[in-house]
Every structure is written in structure tokens, then in C-alpha cells.
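[1] pasting the sequence and the predicted model now:
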Amino acid sequence: MVFRGQGPCYDISWHNVEAEFNDYAINGMFPFSDLLLFGRVTYELMEGFWPMPEALNDDPIVAGK
């Protein structure tokens, strides 16, 4: 099954997080957040990524939480 906005096998390589988003969301709002809410599929994909060392290297603020 392919959901809107993704390629085969849940590929979202097209997704590009820009500096403006990081400044606002990750650096500005995320440190004060206690909750991230995902749908089931997104949660399962995130659950497999964030505990990995690559996640801490790519995005230490999010991975640290």
C-alpha cells in the first residue's frame, strides 16, 4: 500500500527539511514540547529510526528527546 506523499516502501527521500523549518519548529518550539503525535505508520517508521546512532548525528535535538 502506498500512501499519499510517499513512494514505494514508505520512501520519503523527496522530503527536505529546510533551515527555516528547523529554526522555527525544532530550535524554537520543540525544546518546550512534551509530546509528538504521529499516526500509526509514521510512528512505526520513526520508532525504528530515532534510537539509531545516525539519528543522533543527523538531528541531536530531536533524538535527544
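    Perfect, I can see it now.
[2] which helix runs longest in the chain?
    Longest among the helix segments of the chain by residue count, using DSSP state H, is helix 40-49.
[3] that helix: what's the following helix or strand?
    helix 53-58 (DSSP states H and E).
[4] picking up where we left off before, from the chain's centroid, how far away is the longest helix of the chain?
    Distance of helix 40-49 from the chain centroid (C-alpha atoms, centre = their mean, to the nearest Å) equals 9 Å.
[5] next, the buried residues of it.
    Buried residues in helix 40-49, counting neighbours by 16 or more other C-beta atoms under 10 Å, are absent. Heads up, the C-betas are built off the backbone N, CA and C, glycines and all.
[6] tell me the gap between the helix or strand hosting residue 62 and the middle of its chain.
    Per DSSP H and E, residue 62 falls inside helix 60-64. Computed by C-alpha atoms, centre = their mean, the separation of helix 60-64 from the middle of its chain amounts to 10 Å.
[7] what's in contact with it?
    26-27, 30-31, 50, 55-56 (C-beta atoms under 8 Å, 6 or more residues apart in numbering).
[8] run the last query once more with 6 Å
    Contacts to helix 60-64, defined as C-beta atoms under 6 Å, 6 or more residues apart in numbering, come from residues 26, 50, 55-56.
[9] equivalent analysis for stretch 33-46, please.
    Against stretch 33-46 from outside (C-beta under 6 Å, 6+ apart): residue 10.
[10] many thanks, I have nothing further to ask.
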